[in-house]
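Student: what follows is a predicted structure for the sequence shown.
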Amino acid sequence: MSEEAAWVLVQKKTFTKWMNSHLKKVGTSIDNCQVEFDNGIKLMQLIKALYGLEVPKHNPAPKMRPQQLDNISLALDMVEKAKIKTNFLKTHHLADHDLKMILGMIWAIILDYQIKGISVEELSAKEALLLWCQKKTKGYRDVKVDNFSGSWRDGMALCALIHKHRPDLIDFDSLEKGNHKQNLQYAFDVAEKHLGISPLLDVEDVDVERPDERSIMTYISEFYHKFTSQDHKENAARRVQKFARFHQSIEESQANYSQNARELLNYANGQKETFEQRDFPDDFAAVKQLIADLKQYKLSEKPRQNERKLDNESVHNAVQTRLRANKRKPWDTPQEVHLETVDVAFAALAEAEKQRGRALRDKLNQIKDDLNKKYAERADALFAWLQSIKVATNTQEGEPADQLRTLTEKSEELNSSGERLGQVEEVHRTLESNGLEDDNPYTDLTYDELVTLADQVKNALNKRKQFLESQLSAGEKEGLSPEQINDLREAFNHFDKDNSGALDKLELKSCLTILGLTYGDDAINSVFTQLSGGSDKVEFNPFLEYMTQQMEDTDDANQIKSSFRILSNEQPHIKTADLYVSPLEQSDVTFLTERMPGQSDNYDFATYTDEKFA
């Protein structure tokens, strides 16, 4: 078989498989594309399946050639309405079973439908698709994609392309470059089973010296559309995940604030009740300890609790700031944990603290006054008693024996002064231990003075007794604290064929397409006019500014709802299963489904999103 005959057969088989993958939408198929277009009906059905155009009124069973040609003309009119360029194709080519012209027509349809998202011109389509393949397979062992022919023969590039997007499906490390057939069949099987990509090619179609370029491009373009669509969904899922995790973080912060606010309120109310207690002890030292405890509270516990309060206020303010910065509705903080509620509780606590300090000082002054009075009463009584003995000692008259007898009685009475002095000393020691022994407003008598006076009275009495005894006896006694920007530059430079540092309209369109932005003729004209500023080319800086605008997340309600619609396949409600798109995780799905109104197969994401944005 000649090389030409071989590629014709491969294209015929590949194109037929491709058409059948779409014709099944309208309930038909093609077995032999060379002969089955001769009455125009299959072509009309193919255009309807691909572009959704209505099939015109035609002869459903043409027998004669003029009837067949009429049907073919109607079919070619549909091709023209679909804006498919089929150069030099005539009705008789289909009627006469001209295989090469028929294959050319099918290739034109494939180019327009399958690769129009990449470019319009075949050359641009080829370059854009090739660049995409090169970027996706860059760095893979034994893979070098230079074309859509021999670069794919050993199956390594195809396996690398799948592995890049779904590493869970291909064990790339186990592949051997020399195992062409095994590698190809492995890739075909995985693509069909896990990616839903029909095997348009057979192993023997690819494992040849020069695999057919158009057939390879047709098959590889299926992967481009599959993976770029998946990237689009993953980007939408990433936005939804960002939206969900933002509000999850907000709710966690709100819960954290509310819990801390309740703890602060419980603390403030409990401490206030403690401060309002007035069952103070009557012991001066014990009350002084309560005052010391209050002082320690002011130095330690109070600043710590105030710091907790300030930290919690910062959490609340951060929540409101994040909501405002992200154009969300402000948090309507529940009254029971509102900032003002906590402020009121802490203000009441501060007042209770102040009143407790006053009450403790009043209590301390009361105890001090009582002690001073008790001391004065006992001191004055002791002084008067000692004075009475002193007077009695100095005013004795009569016989010495009688005087001595009287003084002896007084001496025995004086010996009991220890008990009286002990009672004064008891109060004095209490006053002294608390630094209150001076400046008693109720008496000028000091304990030391009373001790001295007692000694003086005792000494005077003893001397008088001794004097009298001397008179009565002879003795005397004495006492003593810029990967993304590099990717854009690489894509821009790739399409800058003349190295002028600028792109013409066709080059710009191809560059935008490979970056995932597809435009019709009117749209690309508008973008080109905007970026070129009236010149015939677009330089890199305006191109970079434009791409920056396209790639950034606006994170507004419309973008979030648009992302939900992408996940729901443009349905107004979303199912639980639609949310299982990477990078969304189970926790994200659970969070959203627990909060969106609706049921598991009918969640109202639009209402939920609108409720969250200001």
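Tutor: In hand now; what should we look at?
Student: what's near enough to touch N147?
Tutor: 130, 213 (Cβ atoms under 8 Å, 6 or more residues apart in numbering). Quick note: C-beta positions are derived from backbone N, CA and C, even for glycine.
Student: how about it, secondary structure?
Tutor: coil (DSSP: H, G, I helix; E, B strand; the rest coil).
Student: just read off the phi/psi values of it.
Tutor: Reported as degrees, to the nearest 10, the phi and psi values for N147 are phi -160, psi -180.
Student: over to S198?
Tutor: According to degrees, to the nearest 10, S198 has phi -60, psi 140.
Student: can you pull out the strands in the chain?
Tutor: 502-503, 538-539, 598-599, 602-603 (DSSP state E).
Student: check those strands for me and report the most buried one.
Tutor: For these, the largest average neighbour count (mean count of other Cβ atoms under 10 Å) is found in strand 502-503, namely a mean of 22.
Student: show me how far that strand is from its chain's centre.
Tutor: Distance of strand 502-503 from the chain centroid (Cα atoms, centre = their mean, to the nearest Å) equals 41 Å.
Student: what does stretch 331-348 contact?
Tutor: So stretch 331-348 is contacted by 250, 254, 257-258, 261-262, 264-265, 268-269, 272, 306, 309, 312-313, 316, 319-320, 323 (Cβ under 8 Å, 6+ apart).
Student: so which of the strands of the chain is nearest S510?
Tutor: S510 sits nearest to strand 502-503 of all those, at 8.6 Å, using Cβ to Cβ.
Student: who touches that closest one?
Tutor: 492, 495-496, 511, 537-540, 543.
Student: got it, and stretch 599-612?
Tutor: With Cβ under 8 Å, 6+ apart, stretch 599-612 has contacts from 243, 247, 328-329, 557, 560-561, 564, 568, 572-576, 592-593, 595-598.
Student: and that stretch, what's buried?
Tutor: By 16 or more other Cβ atoms under 10 Å, the buried positions in stretch 599-612 come out as 603-606, 608-609, 612.
Student: how far off centre is it?
Tutor: 21 Å.
Student: cool, stretch 359-370 as well?
Tutor: With Cα atoms, centre = their mean, you get 57 Å for stretch 359-370.
Student: do stretch 457-467 as well
Tutor: Put simply, stretch 457-467 sits 96 Å off its chain's centre (Cα atoms, centre = their mean).
Student: low-confidence ranges, the chain, go.
Tutor: The model of the chain has pLDDT under 70 over residues 1-4, 116-124, 470-482, 551-555, 600.
Student: quick one: which of the buried residues of stretch 599-612 is nearest Q355?
Tutor: Nearest member of the buried residues of stretch 599-612 to Q355, counting by Cβ to Cβ, is K612, at 46.4 Å.
Student: ok, back up a step: nearest to M547, out of the buried residues of stretch 599-612: which one, please.
Tutor: Out of those, the member with the shortest distance to M547 (by Cβ to Cβ) is T609, at 26.6 Å.
Student: coming back round to it: only the buried subset of the contacts of stretch 331-348, as a ChimeraX command please.
Tutor: The following ChimeraX line selects those of the contacts of stretch 331-348 that are buried, judged by 16+ other Cβ under 10 Å:
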select :250,254,257,258,261,264,265,268,272,309,312,313,316,319,323
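Student: so which of the contacts of stretch 331-348 belong to helices?
Tutor: Residues of these located in helices (DSSP state H): 250, 254, 257-258, 261-262, 264-265, 268-269, 272, 306, 309, 312-313, 316, 319-320, 323.
Student: skipping adjacent residues, who's closest to E437 in space?
Tutor: Residue nearest to E437 in three dimensions, not counting chain neighbours: L431, with 4.5 Å by Cβ to Cβ, 6 or more residues apart in numbering.
Student: for stretch 541-558, give me every contacting residue.
Tutor: In this structure, residues lying in contact with stretch 541-558 by Cβ under 8 Å, 6+ apart are 239, 242-243, 326-327, 484-485, 488, 492, 503, 508, 511, 515, 517, 527, 530-533, 559, 609-610, 612-613.
Student: quick one: buried residues of that stretch?
Tutor: By neighbour count on 16+ other Cβ under 10 Å, the buried set for stretch 541-558 is 543, 546-547, 555, 557.
Student: any chance of those in JSON lines with distance to K390 as columns?
Tutor: Listed next are the buried residues of stretch 541-558 as JSON lines, based on distance: Cβ to Cβ, whole Å:
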{"residue": "F543", "distance to K390": "118"}
{"residue": "Y546", "distance to K390": "115"}
{"residue": "M547", "distance to K390": "113"}
{"residue": "D555", "distance to K390": "100"}
{"residue": "A557", "distance to K390": "103"}
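Student: so which of these are in helices?
Tutor: 543, 546-547, 557.
Student: relative to Q289, which of the residues you listed is nearest.
Tutor: Closest to Q289, out of all of those and judged by Cβ to Cβ, is A557, at 62.1 Å.
Student: how close does that closest one sit to E234?
Tutor: Distance, A557 to E234, by Cβ to Cβ, to the nearest Å: 21 Å.
Student: please apply the same query to K612.
Tutor: Counting by Cβ to Cβ, the separation of K612 from E234 is 22 Å.
Student: same question for S562.
Tutor: From S562 across to E234, the span is 15 Å (Cβ to Cβ).
Student: give me the more crowded residue out of the two.
Tutor: E234 (19 against 14; other Cβ atoms under 10 Å).
Student: ok, now how distant is the nearest residue to F280 once chain neighbours are set aside from E353?
Tutor: Nearest in space to F280, with sequence neighbours left out and distances taken as Cβ to Cβ, 6+ apart, is K363 at 4.8 Å. From K363 over to E353 the distance is 16 Å, taken as Cβ to Cβ.
Student: again, but for K48
Tutor: In terms of Cβ to Cβ, K48 sits 85 Å off from E353.
Student: now do K272
Tutor: Computed as Cβ to Cβ, the K272 to E353 distance reads 8 Å.
Student: Y375 too?
Tutor: 33 Å.
Student: more neighbours, those two?
Tutor: Using other Cβ under 10 Å as the criterion, Y375 and E353 rank with Y375 on top: 26 against 17.
Student: hang on, that one packs against V424?
Tutor: Yes. The pair Y375 and V424 passes the contact test of Cβ atoms under 8 Å, sitting 6.8 Å apart.
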